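In: Here you go, sequence then predicted model.
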Protein chains: 2
Amino acid sequence: MAEENDKTPHEPVEDSLRQVMDLLARHKLVESLVHKQDMPRHELVEVLVHKQNLAELSKKLDRLHPADVAYILEALPLEDRLLVWDLVKAERDGDILVEVSDAVRESLIEAMDNRELVAAAASLDTDEIADLAPDLPSDVVQELLKSLDHAKRAQVEASLSYAEDSVGALMDYDFVTIRADVTLEVALRYLRRLGDLPPHTDKLFVVERDGRLIGTLPLKRMLVHDPEAHVAAVMSDEPVVFHPSDAAADAAQAFERYDLVTAPVVDAQHRLVGRLTVDVVVDFIRAEAEEDMLQLAGLKEEEDLFTTVWKSARNRWMWLAINLCTALIASRVVGAFEGSIEKLAALAALMPIVAGMGGNTGNQTSTLVVRGLALGIINDDNARRILVKELGVALFNGTVWGGVMGVVAYLLYQNAALGGVMAVAMLLNLLVAATAGYLAPRLINRTGRDPAYGSPILTTFITDSMGFFIFLGLATVVLL
Amino acid sequence: MAEENDKTPHEPVEDSLRQVMDLLARHKLVESLVHKQDMPRHELVEVLVHKQNLAELSKKLDRLHPADVAYILEALPLEDRLLVWDLVKAERDGDILVEVSDAVRESLIEAMDNRELVAAAASLDTDEIADLAPDLPSDVVQELLKSLDHAKRAQVEASLSYAEDSVGALMDYDFVTIRADVTLEVALRYLRRLGDLPPHTDKLFVVERDGRLIGTLPLKRMLVHDPEAHVAAVMSDEPVVFHPSDAAADAAQAFERYDLVTAPVVDAQHRLVGRLTVDVVVDFIRAEAEEDMLQLAGLKEEEDLFTTVWKSARNRWMWLAINLCTALIASRVVGAFEGSIEKLAALAALMPIVAGMGGNTGNQTSTLVVRGLALGIINDDNARRILVKELGVALFNGTVWGGVMGVVAYLLYQNAALGGVMAVAMLLNLLVAATAGYLAPRLINRTGRDPAYGSPILTTFITDSMGFFIFLGLATVVLL
């Protein structure tokens, strides 16, 4: 695990990126000169300049924190990225692979042979190996597991056995345990013998002989209490604990609520099996938030900005297909009223406004409901009140905006009845939108799926189809 | 600041919420029985039961962590929320007010008188007072400042002077400093005299006599090093530091990258002025992510789920107004082709598909570009490559989906030319969408605004208008 003082950054990482890109550009300029002028590639001066740029680049990279190198790799187009990756010292490969995004990691792993991959992964902690394993070729994983000692192999296999977004998949095995019946003085001597503590250690875990967790001993307390005191007297005996099968999202909320830095993970018998740290939780929170944003736009997974067209298209495929189907159905609603549109083409111009405003309103409601469901503050007892409030907002907005659009439609087409139809259709579709925005997430939630992803499609589908139906239907009845 | 062991949760907060709601329901049932049966309210048994429910509720709340009480308050409709708020012990009001969301905080503050507010806020740390101050009536803030001693008042005023999303606004003043020329033994004795360390203390800050920061001393190192060693020899002399004017978002990225728990904040002269802690950073990251999601749907700020219709409508106002304007302009594009639509009403049914698929494609590109801009991995050097890739994806998807829709249109209307127009229009609009999705965030970014909010509107506006224009224009030229 890369620690704070591993490579302390001396400048903003954006500046480092700029310098790396300059060095790459200089390097490529020299290369192209060598080619263009048809000079023999071994000509001394050129080769020196050439090598000098790469040497400087390599030195620059050596000085950077692994997370900063990862950042730079993500910002470089594929060929530059692989050039830089080649310049990174092999012993740092593992630390950097753990830091880069999944999509970029894939591109780096493709460029490495099995021997390099095993060497890079073997340098990592077991929880990091488990993070990396799903992205490695299976023969590399086999070889890697063989190279580990028994205890470490068991840890990696345990980590891999937990579901992706569970506490078990996020926890590490880097903790220090202590017995309750020793004095702080003895505990301090023990720590001094250890010589170093795992990253983020803010507390020791107090365990029984059989491994059961009975408390935690914050380092802070060790420092301020009398060394003669016993651990049992100073420890906190009701710490927040997690189980490997707990949802990572719940653990993240607990870290936020109770301001945790580390927390023990215990099995059903309350035996200590791992440790969750705030840095992993922060990464999880950030990754979840980004995934939500990406999925809202129909990106199945994070995309490497410089990936191939084919990989990128495949990533966006499903979403476009679903949207095409819903658009096609909404289009058939319009198709049913083609006779009316032939008679009054203004309907075709106005109908997207009714549908569009419904979509916007519906998604406002559904965003609030999705968030309330995610936080668990919406339940069956208070749900009805929320629906009533949303219908109230829709009634209000529908009256105001429907009124505005009714007047605009009247002014555009000098047709009072058309203006009236517009106003009423807007109001009705906003009420439909509030209902859809409220029901869609709750229905999807009942099926056990994440409402964040399906809700916008479903809501928009309903508001589009119903918007067209209400507006064109009303117009057909009233105007024609 | 509420600490881990302040009130350790013994059960999931959802269970606590359920129990609180049960007690409230029982309480209200008794109330309604008393009213309905027209029994004298003072009838002994009823009053006892009544009081018993509230007493139990009050006891339940006492046992909960402030963050859990905040969670419950957010999940309750206004009247229940205020009932529960009344039952919370006054001395806990401050801690809970700091934890609730802005919208809910507003509803609680409205229910308190000035004396209660001053008392609640006075119990908090200075950084927390500064958090709360913008939501308090100005006379309460004045009174509050008067009640603080000089040093604390200066801290609150300093905190309030920093921009909202700056490091200065997030930092606290809860740190322990030490001199470089003492031994660890002396430092340990000093800590023992202090008796307690501020929450999250993972390191001491090493300062010169004039307050300049020269290093940090992780507690871990104090524990494992020889007590005879000097602080100067053991400290880390190049810690990551922040300045009060740094953007909080940048500091949050640094906390993530370098896995920090706390970090010193220094002024231009490198004098220690504050401390940033991971719990505040986590809250900031979560709040930013939520704000992004809410703003994507056009919610100006977080909404209390149980707020009034009026407040809620006002919050969604601006977005709907902007969308109405863009929809109106797109509608005028269609209006220009009313003659063609009268002749071939099928155009009205098919045009939303062209516009809609463009909107989806454009927002996929813009989401990736917004994210790349936020992370700083898109710059002028690599931007062109991204545009080329996005155009490639659009060309590919446009050919595939345009082809599919062309065939569908042909089958629906038995009109080969119409199918051809559909296919070509889809392809062209997807190319427009990729360009718009790429340009919109970059243009908004240049104006200094956050591209996350404006990009979807601008992108959708372009893909709608151009989708209608390309499809109806092509149809008019080719078919009529």
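Out: Structure received. Residues are numbered from 1 along each chain as shown, chains lettered A, B, ... in the order given.

In: what's the spacing between the residue nearest in space to the middle of chain A and residue B:289?
Out: Nearest to the mean C-alpha position of chain A, by Cα atoms, centre = their mean, lies residue A:287 at 2.2 Å. Distance of residue A:287 to residue B:289, computed by Cβ to Cβ, to the nearest Å: 11 Å. In this view, the C-beta of every residue, glycine as well, is placed from N, C-alpha and C.

In: what's the answer for residue A:338, then?
Out: For residue A:338 relative to residue B:289 (Cβ to Cβ), the value is 45 Å.

In: what's the answer for residue A:276, then?
Out: Distance of residue A:276 to residue B:289, given as Cβ to Cβ: 20 Å.

In: of these two, who's got more company?
Out: residue A:276 (28 against 17; other Cβ atoms under 10 Å in any protein chain shown).

In: Would you report the backbone torsion angles of that one?
Out: When read as degrees, to the nearest 10, the backbone of residue A:276 gives phi -110, psi 130.

In: quick one: it and residue A:262 touch, right?
Out: Yes. Using Cβ atoms under 8 Å, residue A:276 is in contact with residue A:262, at 6.7 Å.

In: need the strands for the stretch 51-200 of chain A, in chain order.
Out: Per DSSP state E, counting those that start in this stretch, the stretch 51-200 of chain A carries strands over the ranges A:177-178.

In: Can you name the residue of the stretch 151-300 of chain A nearest chain B?
Out: residue A:289 (3.4 Å; Cβ to the nearest Cβ).

In: That residue reaches residue B:292, doesn't it?
Out: Yes. The pair residue A:289 / residue B:292 is scored as a contact, 7.5 Å apart, by Cβ under 8 Å.

In: How about residue A:278: what's its closest non-neighbour residue?
Out: Leaving aside its sequence neighbours, residue A:278 sits nearest to residue A:261 (Cβ to Cβ, 6 or more residues apart in numbering or on different chains; 5.0 Å).

In: Can you tell me how far that neighbour is from residue B:146?
Out: Per Cβ to Cβ, residue A:261 is found 36 Å from residue B:146.

In: who has more neighbours, these two?
Out: Using other Cβ under 10 Å, the more surrounded residue of residue A:261 and residue B:146 is residue A:261, with 24 against 9.

In: isn't residue A:91 right next to residue A:123, touching?
Out: Yes. Using Cβ under 8 Å, residue A:91 is in contact with residue A:123, at 6.4 Å.

In: Of these two, which one has the most company?
Out: Taking other Cβ under 10 Å, residue A:91 and residue A:123 do not tie; residue A:123 has more neighbours (14 against 10).

In: out of everything not next to it in sequence, what's closest to that one?
Out: Here the residue nearest residue A:123, using Cβ to Cβ, 6+ apart, is residue A:94, at 4.4 Å.

In: What does the pLDDT read for that neighbour?
Out: Residue A:94 is assigned 94 on the pLDDT scale.

In: Could you do residue A:393 as well?
Out: Predicted confidence (pLDDT) for residue A:393: 95.

In: how about it, what does it touch?
Out: A:365, A:434, B:309, B:312, B:313, B:316 (Cβ atoms under 8 Å, 6 or more residues apart in numbering or on different chains).

In: Appreciated, that's everything.
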